[in-house]
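Need coordinates for the following:
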Amino acid sequence: MQASGKNAGLGLALVSACAFGGSGVAAKPLIEAGLDPLHMVWLRVAGAALVLSPLAWRHRDLVRRRPLLLAGFGLIAVAGVQAFYFAALSRIPVGVALLLEYLGPALLLGWIRFVQRKPVTRAAAAGAAVAVAGLACVVQIWSGLSLDPLGVLLGLAAACCQAFYFVFADQGTDGEDVPDPMGVIAHGMIVGALVMTVLARPWQMDWRVLGGDAALGDVRVPALVLLGWVVFVATVAAYLTGVVSVRMLSPQVAGVVANLEAVVATVLAWVLLGEHLSAWQMAGGALVLGGAFIAQSSRPAPAVVGESVLPDPAGPSPSSSSPSSEPEPERATA
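The predicted model follows:
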């Protein structure tokens, strides 16, 4: 991958993590104002589906070409993550649920290595391990060690769904008929909105909350402004930049960088909502940043056909092309 493309992908991954991280700080005031958490999720997904509906119409051929991809993205990468995460929150502490959900990138590496049987770079694996350790500090997991087994299983289910978000984002990029990521996201949001409508039952929502104000720290902000931020920035922009970054980087690298979402959410809650940020959380944030840096420094392993490694695209040097030259030993990949 060229350096410019990798840098652009890394930039989009960081934008996506920051956008996703801003969802909680805008959604929490609405929940405290009277919205049920599941109703908040429905507003988020349904609003994004409405915004992206023109893209869905433009890429309507995807319904015929890739129906399983669209259904999987909507059911798992959109509705599944949200539903399992909020179900876990009802049984275990918020920090522990967040940590379990963000085991997704680590599970993703296992999927790539043992199911897809593709190489996982040492840098990506090391970065994921460092990032998970940092997340444990950010959410201060030791404050909630008395755990409900079902809540833990629900949190792990959210992690699995998050891992498949990266799998689906990269799906089909190896073939000739590559699905447009914008169309996949748009149709996925529509599927997710339909699923969340069944789960959240929005007809029971207190719609009056959206006509009032909500407390963002010491400031009163119109509820519709906060909802607009959640829909346009924390969902539409976050998913669009996230899926494109996966295709420009790789699922394993983008997955580790996505751990920065938890750090961004914690810092924004500290700045805007006045929530305390401890020394452990700051140290954990540094670890997550370090893990993301380690992961993005990885280089893809060379493609393998049978037992031989494909040659460098630049071609062999003149000396190595000589019939009398000894074959160079195969180098171990990272």
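
how much space is there between L89 and L154?
From L89 over to L154 the distance is 9 Å, taken as C-beta to C-beta, to the nearest Å. Glycine gets a C-beta too; all of them are placed from N, C-alpha and C.

Pretty sure T266 sits against V138.
Yes: contact criterion C-beta atoms under 8 Å: T266 and V138 qualify, at 5.6 Å.

Figure out the helix or strand that the residue nearest to D213 when sequence neighbours are not counted lives in.
Leaving aside its chain neighbours, D213 sits nearest to R220 (4.3 Å; criterion: C-beta to C-beta, 6 or more residues apart in numbering). R220 is located in strand 219-222, with elements delineated by DSSP states H and E.

Need the contact partners of that strand.
P29, G212, D213, A214, A215 (C-beta atoms under 8 Å, 6 or more residues apart in numbering).

Restricted to buried residues, select these in ChimeraX.
Isolation of the buried members of these (16 or more other C-beta atoms under 10 Å) is achieved in ChimeraX through the command below:
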select :29,213,214
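
Neighbour count: T266 and V138, which is higher?
Legend: neighbour count by other C-beta atoms under 10 Å for T266 and V138, higher for V138 (30 against 26).

surely the more buried one meets V263?
Yes: with contact defined as C-beta under 8 Å, V138 counts as touching V263 (6.0 Å).

got any residues that touch both of the two?
G284, G285, V288.

export the contacts of strand 219-222 to JSON lines and tack on secondary structure, distance to G21 and pLDDT?
Putting the contacts of strand 219-222 into JSON lines (DSSP: H, G, I helix; E, B strand; the rest coil; distance: C-beta to C-beta, whole Å; pLDDT from 0 to 100) gives the following:
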{"residue": "P29", "secondary structure": "helix", "distance to G21": "16", "pLDDT": "89"}
{"residue": "G212", "secondary structure": "coil", "distance to G21": "26", "pLDDT": "94"}
{"residue": "D213", "secondary structure": "strand", "distance to G21": "23", "pLDDT": "94"}
{"residue": "A214", "secondary structure": "strand", "distance to G21": "19", "pLDDT": "93"}
{"residue": "A215", "secondary structure": "strand", "distance to G21": "20", "pLDDT": "90"}
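
of all the contacts of strand 219-222, which comes closest to R247?
P29 (34.2 Å; C-beta to C-beta).

residues touching the residue nearest the centre of the chain, list them.
Nearest residue to the geometric centre of the chain (C-alpha atoms, centre = their mean): A258, 5.3 Å. A258 makes contact with A13, S16, A17, F20, Y102, P105, F166, G242, according to C-beta under 8 Å, 6+ apart.

From these, which land in helices?
Using DSSP state H, the members of the contacts of A258 that fall in helices are A13, S16, A17, F20, P105, F166, G242.

Just the buried ones from the residues you listed?
A13, S16, A17, F20, P105, F166, G242.

In contact with the first one, which residues are there?
When contacts are counted by C-beta under 8 Å, 6+ apart, A13 touches T241, G242, S245, V246, L249, V253, A254, V257, A258.

Recalculate using a threshold of 7 Å.
When contacts are counted by C-beta atoms under 7 Å, 6 or more residues apart in numbering, A13 touches S245, L249, A254, V257, A258.

Identify the farthest-apart pair in those.
L249 and A258 (10.6 Å).

now what about the helix or strand encompassing T197, what contacts it?
Element membership for T197, per DSSP H and E: helix 181-200. Contact partners of helix 181-200, identified using C-beta under 7 Å, 6+ apart, comprise 38-39, 41-42, 45-46, 48-49, 52, 55-56, 59, 62-63, 69-71, 73-75, 77-79, 82-83, 239-240, 243-244, 247.

Compare L89 and L154 (neighbour count), which wins?
More neighbours surround L154 than the other of L89 and L154, with 24 against 19 (other C-beta under 10 Å).

packing partners for the strand or helix carrying that one?
Using DSSP H and E, L154 sits within helix 149-170. Contact here means 3 or more C-beta pairs under 7 Å, 6 or more residues apart in numbering; DSSP states H and E; on that basis helix 149-170 packs against helix 81-89, helix 94-101, helix 104-110, helix 238-248, helix 251-257.
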